[in-house]
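*Asks:* test case, fold it:
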Amino acid sequence: MDYLEFLKEGISQFYTYTGFANVTVGHLIMIAVGLIFIALAIIKDYEPLLLVPIGFGIIMGNIPFTDGLQIGVYESGSVLNYLYFGVLQGIYPPLIFLGIGAMTDFSALISNPKLILIGAAAQFGIFAAYMLALVFGFSPMEAGAIGIIGGADGPTAIFLASKLAPSMLGAIAISAYSYMALVPVIQPPVMRILTNKKERVIKMRPPRVVSHREKVLFPILCILLTAFIVPSGLALLGMLFFGNLLKESSVTRRLANTASGPLIDIVTILIGLTVGASTQATTFLTVDSILVFGLGALSFIFATFGGVVFVKFLNLFLKEGNKINPLIGNAGVSAVPDSARVSHIEGLKYDKTNYLLMHAMGPNVAGVIGSAVAAGILLSFLY
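*Replies:* Numbers count the residues shown, from 1 in each chain. Here you go, the predicted structure:
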């Protein structure tokens, strides 16, 4: 009888440590969200390199457990907590920017420098969302971290949130990456509403050939210019242009290949998995998180609006033959190359011979620079 009682108590104690004993409705909701992310990545091919790690991380982060076992991402000493350190301290985002720089061709921007203005105009979404967040009662630092979602740049959003609003990092990161993945869904309706048929078929002049010297000088001049203006953005801007110099110098191909291949892949896995795991239902499912998602969507729409409307405004001062197709205005956000691809696909719907991809890459890479500069500006004023 004592043996049976001992066995019963042992089974009962074991059960208290299982996920079945600790599960809540919130855990099940977040696990469902993780499964949706994975489904969107595999079935719809929406940013699979981001959504698969994030989705799986959400599932891992919402497996219910008893506190004190050093399992969760927020428990000191756990493996996930150590990996999450790179997110909290803003280590992973600059490494991703290094890889982005090493795989980015700035030729389209160099050949037509005025396209950088489109990338700047698209950052309107960041500051519009910042003001809206203030209206909804968020603190200035939290509002700045939320606003950066409008730049459509996940690493930048994580970097800024880790400095300004660590407690909201999970919601901001998930929101930023979600909307990056939904670029083909969110942007086209805004582009169509803001343009007419005549504007959609504007053909732009082919970009000129950019010399090797120009490509080498570009990252050097850009780091000097941008970092002197916003030194607080040095970590992101420096790594971006350093990666690009590795690529364009032609004498550091091994380093460029490492940065644009194995390194960025490893960091993407770590950042996606740990950001996903940070969405524990007990800390993530709050009213503020829902507001972040709503404001993130608005910031993304505002950014698209700012880019397209600015092109229309710019065309008022450009002669025939030099006008810019407003459909590339959406590419001013930092979602490379997805937003440029959206410009191209939309353009082909109205003229099968109008290839906008190379033109759209100009404001697209300018958006990468613009979002990093905007993050530096917010950091310098709010940190």
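*Asks:* what's next to the helix or strand bottoming out on mean pLDDT in the chain, contact-wise?
*Replies:* Sorting the helices and strands of the chain by mean pLDDT, DSSP states H and E puts helix 2-17 at the bottom, at a mean of 78. Here helix 2-17 makes contact (CB atoms under 8 Å, 6 or more residues apart in numbering) with 21, 65-66, 69. Yep, even glycine has a C-beta here, placed from its N, CA and C like the rest.
*Asks:* among those, which one has the most neighbours?
*Replies:* Taking other CB atoms under 10 Å as the neighbour criterion, Phe65 ranks highest of the contacts of helix 2-17 with 18 neighbours.
*Asks:* pLDDT wise, what is it at?
*Replies:* Looking at Phe65, its pLDDT stands at 85.
*Asks:* now it. Nearest residue, chain neighbours left out?
*Replies:* Ile71 (4.9 Å; CB to CB, 6 or more residues apart in numbering).
*Asks:* ok, Met191 next?
*Replies:* Met191 sits nearest to Asn330 (CB to CB, 6+ apart), 5.4 Å away.
*Asks:* residue contacts, the one you found?
*Replies:* Contacts of Asn330 by CB under 8 Å, 6+ apart are 122, 187, 190-191, 304, 307-308, 339, 342-343.
*Asks:* swap the cut-off to 7 Å and go again
*Replies:* 187, 191, 304, 307-308, 339, 342-343 (CB atoms under 7 Å, 6 or more residues apart in numbering).
*Asks:* follow-up on the earlier one: immediately after the least confident helix or strand of the chain, which helix or strand?
*Replies:* With elements assigned by DSSP states H and E, the helix or strand that comes after helix 2-17 is helix 19-22.
*Asks:* tell me the mean pLDDT for that following helix?
*Replies:* 81.
*Asks:* centre of the chain to it, how far?
*Replies:* When distances are taken as CA atoms, centre = their mean, to the nearest Å, helix 19-22 is centred 34 Å away from the chain's centroid.
*Asks:* quick one: buried residues of the longest helix along the chain?
*Replies:* If you go by DSSP state H, the chain has its longest helix at helix 287-315. Going by neighbour count (16 or more other CB atoms under 10 Å), the buried part of helix 287-315 is 288-289, 291-293, 295-312, 314-315.
*Asks:* so how far is Leu379 from the closest residue in space to Ala227 that isn't next to it in sequence?
*Replies:* Distances taken as CB to CB, 6+ apart place Leu234 nearest to Ala227, at 5.2 Å, with adjacent residues excluded. As judged by CB to CB, to the nearest Å, Leu234 and Leu379 stand 10 Å apart.
*Asks:* what's near enough to touch Leu83?
*Replies:* By CB under 7 Å, 6+ apart, the neighbours of Leu83 are 270, 274.
*Asks:* buried set for stretch 341-350?
*Replies:* 341-344, 346-347, 350.
*Asks:* JSON lines for those, including pLDDT?
*Replies:* Conversion of the buried residues of stretch 341-350 to JSON lines gives the following (pLDDT from 0 to 100):
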{"residue": "Arg341", "pLDDT": "93"}
{"residue": "Val342", "pLDDT": "95"}
{"residue": "Ser343", "pLDDT": "95"}
{"residue": "His344", "pLDDT": "95"}
{"residue": "Glu346", "pLDDT": "95"}
{"residue": "Gly347", "pLDDT": "95"}
{"residue": "Tyr350", "pLDDT": "94"}
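*Asks:* closest one of those to Ala256?
*Replies:* Ranked by distance to Ala256 (CB to CB), the buried residues of stretch 341-350 are led by Arg341 at 23.3 Å.
*Asks:* on that earlier part again, which one's more surrounded, Leu234 and Leu379?
*Replies:* The neighbour comparison of Leu234 against Leu379 (other CB under 10 Å) goes to Leu379, with 23 against 16.
*Asks:* how about the more buried one, nearest residue that isn't a chain neighbour?
*Replies:* Ser232 (4.3 Å).
*Asks:* angles on the backbone of the one you found, please.
*Replies:* phi -70, psi -20 (degrees, to the nearest 10).
*Asks:* just give me the neighbour total for it.
*Replies:* 19.
*Asks:* which stretches of this structure have low pLDDT?
*Replies:* Scanning the chain for pLDDT under 70 picks out 1.
*Asks:* just the strands in it please.
*Replies:* For the chain, applying DSSP state E gives no strands.
*Asks:* just to revisit the earlier point, isn't the residue nearest to Leu379 right up against Leu382?
*Replies:* No. Under the criterion of CB atoms under 7 Å, Ser232 makes no contact with Leu382, lying 10.0 Å away.
*Asks:* so what sits against both of the two?
*Replies:* By CB under 7 Å, 6+ apart, no residue touches both Ser232 and Leu382.
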